[in-house]
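Asks: Kindly return the folded structure for what I paste below:
(one chain, ligands or ions: 1)
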Amino acid sequence: MSKYQILVVEDDTSVRNLITITLKTHDYRFVSTATGEGAIMETASHNPDVILLDLGLPDMDGVEVIRRIRTWSNVPIIVISARSEDMDKIDALDAGADDYLTKPFSVEELLARLRVTLRRLALMQGSTEQSAVFVNGDLTVDFASGCARLKGQELHLTPIEYKLLCLLARNAGKVLTHKFITQSVWGSSWDNDVASLRVFMATLRKKLEAAPGSPQYIQTHIGVGYRMLRMEE
Ligand code: CA
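Replies: Below is the predicted model of the structure:
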């Protein structure tokens, strides 16, 4: 039995059953609920390791559930949403969700997202403070000396490219929205900044990725944002 406990919040019985049967088959422990109030109560009483949260709940908006839980807990939250709820997905990430799954999703997708999140959780629990050097595959970011290397070769980055890389590295495994990134890098969030962000991301990728057309390190989430992948994933 896995040491991890998952809280499943989903009001659609067939989707909830699909998720809980998958978790059971893969030896995860779980509790489940169909409401937002239930999600808040179960989080407080069971202290789950990960929450799988449907955004369209009967009693409360899923984004509100995230905001409430985030007042006292950093538990990783993977949002489950229908494709039509794209804006809600972005709101959910901005409210503090870590990742999202779009319905309909496959069992393999669900398990992959869980593995990514649990790995991130293990890394977070393993280090009480942010490590001074970030290593991911061939990429090394030395936060203290302010330089990044690929296969030992220093990357010649502009200050904004470096800032972007650090932000992605410090949040590796997590989807960051355009708004979060532009606010972190420029301190503001205008539509113009999202256009600039695309440009800087393209130049950063050119330096970082062996094949910028099929990036290994930085994944694009169209209309949502970016995520740095862990090479083991
Ligand atoms: Ca629903």
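Asks: OK, contacts around the closest residue to the ion within the chain?
Replies: When you check the chain against the ion by CB to the ion, the closest residue turns out to be residue 56, at 3.7 Å. From N, CA and C alone the C-beta is placed, and that goes for glycine too. Neighbouring residues of residue 56 by CB atoms under 8 Å, 6 or more residues apart in numbering: 11, 62, 81, 82, 85.
Asks: So what does the first one look like in phi/psi?
Replies: Spelled out, it's residue 11. Backbone geometry at residue 11, expressed as degrees, to the nearest 10, gives phi -90, psi -20.
Asks: What residues does this structure have near the ion?
Replies: Applying CB under 5 Å from the ion, we find that the chain lies next to the ion at 11, 54, 56.
Asks: how about the strands of the protein, start to end?
Replies: Using DSSP state E, the strands of the chain run over 5-9, 29-33, 50-54, 77-82, 99-103, 133-136, 139-142, 147-150, 153-154, 176-177, 218-221, 225-228.
Asks: Packed most tightly, which of those strands would that be?
Replies: Between the strands of the chain, strand 50-54 has the highest mean count of neighbours, a mean of 26, where neighbours are mean count of other CB atoms under 10 Å.
Asks: List the buried residues for the helix or strand of the chain with the lowest mean pLDDT?
Replies: Sorting the helices and strands of the chain by mean pLDDT, DSSP states H and E puts helix 107-126 at the bottom, at a mean of 86. Judged by neighbour count (16 or more other CB atoms under 10 Å), helix 107-126 contains these buried residues: 110, 113, 114, 116, 117, 118, 120, 121.
Asks: And for stretch 47-66?
Replies: Buried residues in stretch 47-66 (16+ other CB under 10 Å): 48-57, 61-63, 65-66.
Asks: okay, how far is it across it, tip to tip?
Replies: This stretch, stretch 47-66, spans 14 Å end to end (CA to CA, to the nearest Å).
Asks: How about stretch 98-116?
Replies: Stretch 98-116: ends 10 Å apart by CA to CA.
Asks: what sits against the residue nearest the centre of the chain?
Replies: The residue lying closest to the centre of the chain (CA atoms, centre = their mean) is residue 174, at 2.6 Å. Applying CB under 8 Å, 6+ apart, one finds that residue 174 lies in contact with 98, 99, 120, 227.
Asks: Residue 74 - how many residues pack around it?
Replies: 11 (other CB atoms under 10 Å).
Asks: Provide the backbone phi and psi angles at it.
Replies: Per-residue torsions, residue 74: phi -100, psi 10 (degrees, to the nearest 10).
Asks: Look up how far residue 80 lies from residue 174.
Replies: 17 Å (CB to CB, to the nearest Å).
Asks: ignore the last one, residue 225
Replies: From residue 225 over to residue 80 the distance is 18 Å, taken as CB to CB.
Asks: Extract the CA atoms of stretch 180-194 and return them as PDB.
Replies: Taking Å, rounded to 0.1, in the frame of the first residue of the first chain, the C-alpha atoms of stretch 180-194 are listed here in PDB:
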ATOM      1  CA  PHE A 180       1.900  34.400 -12.500                       C
ATOM      2  CA  ILE A 181       5.100  34.500 -14.700                       C
ATOM      3  CA  THR A 182       4.600  38.000 -15.900                       C
ATOM      4  CA  GLN A 183       3.800  39.300 -12.400                       C
ATOM      5  CA  SER A 184       6.900  37.500 -11.100                       C
ATOM      6  CA  VAL A 185       9.300  38.700 -13.800                       C
ATOM      7  CA  TRP A 186       7.900  42.200 -14.700                       C
ATOM      8  CA  GLY A 187       5.800  42.900 -11.600                       C
ATOM      9  CA  SER A 188       2.800  43.500 -13.700                       C
ATOM     10  CA  SER A 189       0.500  41.600 -16.000                       C
ATOM     11  CA  TRP A 190      -0.700  43.200 -19.200                       C
ATOM     12  CA  ASP A 191      -1.600  41.500 -22.500                       C
ATOM     13  CA  ASN A 192       1.600  43.000 -23.900                       C
ATOM     14  CA  ASP A 193       3.600  41.200 -21.300                       C
ATOM     15  CA  VAL A 194       2.200  37.900 -22.400                       C
END
